[in-house]
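Q: Please find the sequence and the predicted model below.
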Amino acid sequence: MDPNTETSFNIAEPNVAHILASRPLADKDFKRISEMVYSLCRINLHDGKKALVQARLNKRLRQLGIDTYPEYLELVQSDDTKRELTYMIDTLTTNLTFFFRESDHFDYLRDEVLKKIDPGKDKKLRIWSAGCSSGEEAYTLAMVAREALPDLDRMDALILGTDISTRVLAVAREGSYPEVRFRDTPAPLRNKYFEKDPARPGFCRAKSELARLIRFRKLNLMEPWPMKQPFDVIFCRNVMIYFDKQTQHELVQRYFDALRPGGVFMVGHSESLTGIQHRFRYARPTIYIKP
Ligand SMILES: C[S@@+](CC[C@H](N)C(=O)[O-])C[C@H]1O[C@@H](n2cnc3c(N)ncnc32)[C@H](O)[C@@H]1O
(Lines give C-alpha, C1' and ligand atoms only; values in the text may rest on other atoms or scores of the structure.)
Protein backbone atom coordinates (compact mmCIF):
# COMPACT_ATOMS: atom_id res chain seq x y z
CA MET A 1 0.00 0.00 0.00
CA ASP A 2 1.22 3.49 -0.71
CA PRO A 3 1.95 5.15 2.63
CA ASN A 4 0.30 8.28 1.22
CA THR A 5 -3.03 6.55 1.48
CA GLU A 6 -2.48 6.03 5.18
CA THR A 7 -2.48 9.63 6.19
CA SER A 8 -5.24 11.12 8.24
CA PHE A 9 -4.52 14.46 6.59
CA ASN A 10 -7.27 15.44 4.23
CA ILE A 11 -6.14 17.64 1.35
CA ALA A 12 -9.73 18.80 0.90
CA GLU A 13 -9.77 20.65 4.24
CA PRO A 14 -11.28 24.06 3.44
CA ASN A 15 -8.44 26.28 4.66
CA VAL A 16 -5.56 24.20 3.29
CA ALA A 17 -5.09 26.29 0.16
CA HIS A 18 -4.78 29.38 2.29
CA ILE A 19 -2.35 27.72 4.69
CA LEU A 20 -0.17 26.43 1.87
CA ALA A 21 -0.09 29.82 0.24
CA SER A 22 0.72 31.70 3.42
CA ARG A 23 3.93 29.85 4.34
CA PRO A 24 5.70 28.49 1.29
CA LEU A 25 8.17 25.69 1.87
CA ALA A 26 11.25 26.10 -0.31
CA ASP A 27 12.86 22.95 -1.69
CA LYS A 28 16.03 23.56 0.32
CA ASP A 29 14.02 23.81 3.58
CA PHE A 30 12.05 20.68 2.73
CA LYS A 31 15.38 18.95 2.13
CA ARG A 32 16.65 20.05 5.55
CA ILE A 33 13.47 18.76 7.20
CA SER A 34 13.66 15.41 5.42
CA GLU A 35 17.33 15.05 6.34
CA MET A 36 16.58 15.76 10.02
CA VAL A 37 13.69 13.29 10.07
CA TYR A 38 15.71 10.66 8.23
CA SER A 39 18.72 10.94 10.47
CA LEU A 40 16.60 10.69 13.61
CA CYS A 41 14.06 8.02 12.74
CA ARG A 42 14.86 6.94 9.15
CA ILE A 43 11.45 7.91 7.89
CA ASN A 44 11.90 8.58 4.20
CA LEU A 45 10.17 11.85 3.25
CA HIS A 46 10.69 11.79 -0.51
CA ASP A 47 9.80 14.72 -2.79
CA GLY A 48 6.22 13.49 -3.19
CA LYS A 49 5.67 14.21 0.50
CA LYS A 50 6.43 17.91 0.31
CA ALA A 51 2.80 19.08 0.22
CA LEU A 52 1.95 16.82 3.13
CA VAL A 53 4.88 18.10 5.22
CA GLN A 54 4.00 21.67 4.42
CA ALA A 55 0.34 21.27 5.28
CA ARG A 56 1.12 19.58 8.59
CA LEU A 57 3.85 21.98 9.65
CA ASN A 58 2.13 25.18 8.53
CA LYS A 59 -0.33 24.72 11.32
CA ARG A 60 2.55 24.61 13.79
CA LEU A 61 4.19 27.71 12.35
CA ARG A 62 0.92 29.55 12.71
CA GLN A 63 0.54 28.43 16.34
CA LEU A 64 4.03 29.69 17.09
CA GLY A 65 3.54 32.93 15.16
CA ILE A 66 6.46 32.08 12.89
CA ASP A 67 6.29 33.23 9.27
CA THR A 68 9.05 31.36 7.50
CA TYR A 69 10.52 27.87 7.46
CA PRO A 70 14.15 28.99 7.94
CA GLU A 71 13.04 30.67 11.19
CA TYR A 72 11.19 27.53 12.26
CA LEU A 73 14.16 25.29 11.49
CA GLU A 74 16.40 27.61 13.46
CA LEU A 75 14.07 27.10 16.43
CA VAL A 76 14.04 23.31 16.00
CA GLN A 77 17.82 23.13 15.84
CA SER A 78 18.60 25.60 18.61
CA ASP A 79 16.19 24.05 21.14
CA ASP A 80 18.40 22.02 23.48
CA THR A 81 15.39 20.41 25.15
CA LYS A 82 14.50 18.91 21.73
CA ARG A 83 10.89 19.79 22.45
CA GLU A 84 10.24 21.29 19.04
CA LEU A 85 12.03 18.45 17.29
CA THR A 86 9.78 15.99 19.15
CA TYR A 87 6.78 18.02 18.09
CA MET A 88 7.94 18.03 14.49
CA ILE A 89 8.43 14.25 14.45
CA ASP A 90 5.03 13.81 16.11
CA THR A 91 3.43 15.89 13.39
CA LEU A 92 5.14 14.10 10.54
CA THR A 93 4.57 10.50 11.54
CA THR A 94 1.60 8.69 10.07
CA ASN A 95 -0.34 7.01 12.82
CA LEU A 96 -3.37 5.38 11.24
CA THR A 97 -4.38 2.27 13.17
CA PHE A 98 -7.51 0.51 14.39
CA PHE A 99 -8.67 -2.38 16.57
CA PHE A 100 -8.42 -5.82 14.93
CA ARG A 101 -6.59 -4.37 11.93
CA GLU A 102 -5.56 -7.19 9.56
CA SER A 103 -7.48 -9.57 11.75
CA ASP A 104 -6.06 -12.84 10.35
CA HIS A 105 -2.88 -12.05 12.32
CA PHE A 106 -4.89 -12.23 15.53
CA ASP A 107 -6.51 -15.51 14.41
CA TYR A 108 -3.04 -16.95 13.81
CA LEU A 109 -1.85 -15.67 17.16
CA ARG A 110 -4.82 -17.28 18.93
CA ASP A 111 -4.71 -20.64 17.11
CA GLU A 112 -0.98 -21.17 16.55
CA VAL A 113 0.58 -19.50 19.57
CA LEU A 114 -1.76 -18.77 22.47
CA LYS A 115 -3.88 -21.93 22.30
CA LYS A 116 -0.69 -24.00 22.46
CA ILE A 117 0.40 -22.42 25.72
CA ASP A 118 -0.02 -24.37 28.93
CA PRO A 119 -0.28 -21.78 31.73
CA GLY A 120 0.72 -24.51 34.19
CA LYS A 121 4.07 -24.93 32.44
CA ASP A 122 4.70 -21.85 30.31
CA LYS A 123 5.01 -19.12 32.85
CA LYS A 124 6.01 -16.18 30.72
CA LEU A 125 4.39 -14.48 27.77
CA ARG A 126 5.96 -11.45 26.11
CA ILE A 127 4.38 -9.74 23.10
CA TRP A 128 5.71 -6.56 21.51
CA SER A 129 3.68 -4.15 19.41
CA ALA A 130 6.52 -2.17 17.78
CA GLY A 131 5.21 1.06 16.30
CA CYS A 132 1.99 0.76 18.28
CA SER A 133 0.66 4.23 17.44
CA SER A 134 -2.33 5.12 19.65
CA GLY A 135 -2.50 1.64 21.15
CA GLU A 136 -5.32 -0.15 19.36
CA GLU A 137 -2.98 -2.96 18.27
CA ALA A 138 -1.76 -3.56 21.83
CA TYR A 139 -5.30 -3.51 23.26
CA THR A 140 -6.39 -5.95 20.54
CA LEU A 141 -3.49 -8.23 21.49
CA ALA A 142 -4.57 -8.03 25.11
CA MET A 143 -8.20 -8.93 24.29
CA VAL A 144 -7.11 -11.87 22.14
CA ALA A 145 -4.73 -13.11 24.86
CA ARG A 146 -7.41 -12.86 27.55
CA GLU A 147 -9.91 -14.74 25.40
CA ALA A 148 -7.48 -17.49 24.38
CA LEU A 149 -5.99 -17.98 27.83
CA PRO A 150 -8.58 -17.90 30.63
CA ASP A 151 -5.70 -18.66 33.02
CA LEU A 152 -3.63 -15.72 31.85
CA ASP A 153 -3.49 -14.23 35.34
CA ARG A 154 -1.52 -17.27 36.50
CA MET A 155 1.19 -16.30 34.06
CA ASP A 156 3.68 -13.46 33.94
CA ALA A 157 2.18 -11.96 30.78
CA LEU A 158 3.07 -8.60 29.34
CA ILE A 159 2.31 -6.75 26.15
CA LEU A 160 4.72 -3.96 25.33
CA GLY A 161 3.63 -1.13 23.03
CA THR A 162 6.31 1.24 21.78
CA ASP A 163 6.31 4.22 19.45
CA ILE A 164 8.47 7.23 18.67
CA SER A 165 5.56 9.66 18.89
CA THR A 166 4.72 11.07 22.31
CA ARG A 167 1.40 12.35 21.02
CA VAL A 168 0.04 8.91 20.11
CA LEU A 169 1.53 7.30 23.21
CA ALA A 170 -0.47 9.70 25.37
CA VAL A 171 -3.67 8.43 23.70
CA ALA A 172 -2.51 4.82 24.12
CA ARG A 173 -1.86 5.26 27.83
CA GLU A 174 -5.24 6.90 28.28
CA GLY A 175 -6.87 3.86 26.63
CA SER A 176 -10.04 5.81 25.86
CA TYR A 177 -11.41 5.81 22.31
CA PRO A 178 -14.48 7.22 20.53
CA GLU A 179 -17.17 4.57 20.16
CA VAL A 180 -16.95 4.69 16.35
CA ARG A 181 -13.39 3.38 16.54
CA PHE A 182 -14.74 0.00 17.67
CA ARG A 183 -16.47 -0.79 14.39
CA ASP A 184 -14.20 -3.79 13.70
CA THR A 185 -14.32 -5.03 17.29
CA PRO A 186 -16.84 -7.80 18.01
CA ALA A 187 -19.47 -6.23 20.28
CA PRO A 188 -19.17 -8.90 23.02
CA LEU A 189 -15.44 -8.19 23.32
CA ARG A 190 -15.92 -4.47 23.37
CA ASN A 191 -18.53 -4.79 26.09
CA LYS A 192 -16.40 -7.20 28.10
CA TYR A 193 -13.14 -5.26 28.02
CA PHE A 194 -14.19 -1.60 27.61
CA GLU A 195 -16.56 0.58 29.58
CA LYS A 196 -18.13 3.96 29.03
CA ASP A 197 -15.63 6.64 29.94
CA PRO A 198 -17.30 8.75 32.64
CA ALA A 199 -15.00 11.65 31.83
CA ARG A 200 -15.66 11.70 28.07
CA PRO A 201 -19.14 11.23 26.65
CA GLY A 202 -19.10 9.02 23.53
CA PHE A 203 -15.82 7.37 24.52
CA CYS A 204 -15.07 3.91 25.88
CA ARG A 205 -12.01 3.19 27.97
CA ALA A 206 -10.14 -0.02 28.61
CA LYS A 207 -11.06 -1.83 31.81
CA SER A 208 -8.20 -2.45 34.18
CA GLU A 209 -8.08 -6.21 33.47
CA LEU A 210 -7.05 -5.26 29.94
CA ALA A 211 -4.94 -2.19 30.63
CA ARG A 212 -2.86 -3.86 33.31
CA LEU A 213 -1.50 -6.34 30.75
CA ILE A 214 0.05 -3.54 28.69
CA ARG A 215 2.98 -1.15 29.12
CA PHE A 216 3.50 1.73 26.70
CA ARG A 217 6.98 3.14 26.25
CA LYS A 218 8.58 5.68 23.99
CA LEU A 219 11.17 4.02 21.78
CA ASN A 220 12.82 5.10 18.56
CA LEU A 221 13.38 1.82 16.74
CA MET A 222 16.64 3.23 15.34
CA GLU A 223 18.16 3.50 18.80
CA PRO A 224 19.35 0.67 21.07
CA TRP A 225 16.50 -1.37 22.56
CA PRO A 226 16.56 -1.60 26.34
CA MET A 227 14.47 -4.79 26.51
CA LYS A 228 16.55 -7.76 27.60
CA GLN A 229 14.12 -10.65 27.65
CA PRO A 230 13.27 -12.45 24.44
CA PHE A 231 9.80 -12.00 23.01
CA ASP A 232 7.38 -14.75 22.05
CA VAL A 233 5.71 -12.59 19.45
CA ILE A 234 6.59 -9.32 17.72
CA PHE A 235 4.12 -7.31 15.67
CA CYS A 236 5.80 -4.65 13.55
CA ARG A 237 3.02 -3.84 11.16
CA ASN A 238 2.74 -0.87 8.85
CA VAL A 239 5.89 0.69 10.26
CA MET A 240 8.78 -0.55 8.13
CA ILE A 241 6.90 0.58 5.03
CA TYR A 242 8.20 4.08 5.79
CA PHE A 243 11.84 2.98 5.87
CA ASP A 244 14.28 2.28 3.06
CA LYS A 245 15.45 -1.28 2.28
CA GLN A 246 18.72 -1.02 4.20
CA THR A 247 16.92 0.16 7.35
CA GLN A 248 14.32 -2.59 6.94
CA HIS A 249 17.11 -5.13 6.59
CA GLU A 250 18.82 -3.97 9.80
CA LEU A 251 15.54 -3.93 11.73
CA VAL A 252 14.55 -7.41 10.62
CA GLN A 253 17.87 -8.80 11.94
CA ARG A 254 17.26 -7.05 15.25
CA TYR A 255 13.73 -8.43 15.52
CA PHE A 256 15.10 -11.90 14.84
CA ASP A 257 17.58 -11.52 17.70
CA ALA A 258 14.87 -10.18 20.03
CA LEU A 259 12.67 -13.28 19.61
CA ARG A 260 12.98 -16.62 21.37
CA PRO A 261 13.44 -19.68 19.13
CA GLY A 262 9.98 -20.56 17.84
CA GLY A 263 8.91 -16.92 18.27
CA VAL A 264 6.64 -15.31 15.69
CA PHE A 265 7.21 -12.10 13.73
CA MET A 266 4.41 -10.36 11.83
CA VAL A 267 4.54 -7.48 9.38
CA GLY A 268 1.68 -5.55 7.78
CA HIS A 269 -0.36 -6.97 4.91
CA SER A 270 1.22 -4.58 2.44
CA GLU A 271 4.73 -5.48 3.61
CA SER A 272 6.88 -8.58 3.23
CA LEU A 273 10.45 -9.68 3.76
CA THR A 274 10.91 -10.23 0.03
CA GLY A 275 14.25 -8.80 -1.06
CA ILE A 276 15.55 -8.79 2.53
CA GLN A 277 18.09 -11.37 3.62
CA HIS A 278 16.87 -12.94 6.83
CA ARG A 279 16.95 -16.10 8.92
CA PHE A 280 13.21 -16.46 9.54
CA ARG A 281 11.16 -19.41 8.35
CA TYR A 282 8.17 -18.34 6.28
CA ALA A 283 4.89 -19.49 7.85
CA ARG A 284 2.22 -17.59 5.91
CA PRO A 285 2.17 -14.34 3.98
CA THR A 286 3.45 -11.62 6.38
CA ILE A 287 4.03 -14.19 9.20
CA TYR A 288 7.51 -15.50 10.01
CA ILE A 289 8.94 -17.85 12.63
CA LYS A 290 12.37 -17.89 14.23
CA PRO A 291 13.62 -21.51 13.79
C1 LIG B 1 0.81 3.50 10.62
S2 LIG B 1 1.29 3.35 12.31
C3 LIG B 1 1.11 1.59 12.55
C4 LIG B 1 0.32 1.27 13.80
C5 LIG B 1 0.02 -0.21 14.02
N6 LIG B 1 1.24 -0.99 14.09
C7 LIG B 1 -0.90 -0.77 12.96
O8 LIG B 1 -0.46 -1.52 12.08
O9 LIG B 1 -2.08 -0.44 12.99
C10 LIG B 1 3.06 3.54 12.21
C11 LIG B 1 3.69 3.96 13.54
O12 LIG B 1 5.10 3.80 13.46
C13 LIG B 1 5.70 4.81 14.25
N14 LIG B 1 7.11 4.99 13.86
C15 LIG B 1 7.61 5.51 12.71
N16 LIG B 1 8.94 5.56 12.76
C17 LIG B 1 9.31 5.06 13.96
C18 LIG B 1 10.57 4.86 14.61
N19 LIG B 1 11.71 5.18 14.01
N20 LIG B 1 10.56 4.32 15.84
C21 LIG B 1 9.40 3.99 16.45
N22 LIG B 1 8.18 4.16 15.90
C23 LIG B 1 8.14 4.71 14.66
C24 LIG B 1 4.84 6.03 13.95
O25 LIG B 1 4.95 7.02 14.96
C26 LIG B 1 3.44 5.42 13.86
O27 LIG B 1 2.73 5.55 15.06
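A: Cool, the structure landed.

Q: alpha carbons only for contacts and neighbour counts from here, please
A: Will do.

Q: give me phi/psi at I127?
A: Main-chain dihedrals, I127, degrees, to the nearest 10: phi -120, psi 140.

Q: Pull up the gap between it and Q54, please.
A: Applying CA to CA, to the nearest Å, the value for I127 to Q54 is 37 Å.

Q: what's the answer for C236, then?
A: Relative to Q54, and taking CA to CA, C236 is found at 28 Å.

Q: of these two, who's got more company?
A: Q54 (22 against 19; other CA atoms under 10 Å).

Q: so is the residue lying closest to that one once chain neighbours are set aside in a helix, a strand, or just coil?
A: Leaving aside its sequence neighbours, Q54 sits nearest to L25 (CA to CA, 6 or more residues apart in numbering; 6.3 Å). Classification of L25 using DSSP: H, G, I helix; E, B strand; the rest coil returns coil.

Q: What count of nearby residues applies to L25?
A: 21.

Q: Tell me if I'm right that it and Y69 touch.
A: Yes. The pair L25 and Y69 passes the contact test of CA atoms under 8 Å, sitting 6.4 Å apart.

Q: what do those two both touch?
A: Common neighbours of L25 and Y69 are not found (criterion: CA atoms under 8 Å, 6 or more residues apart in numbering).

Q: Per-residue confidence at Q246, what does it come out as?
A: pLDDT, the model's per-residue confidence, is 94 for Q246.

Q: how much space is there between it and M240?
A: Taken as CA to CA, the span from Q246 to M240 is 11 Å.

Q: interface residues of the stretch 151-291 of the chain facing the ligand?
A: Within the stretch 151-291 of the chain, the positions near the ligand by CA under 6 Å from any ligand atom are 163-165, 219-222, 236-239.
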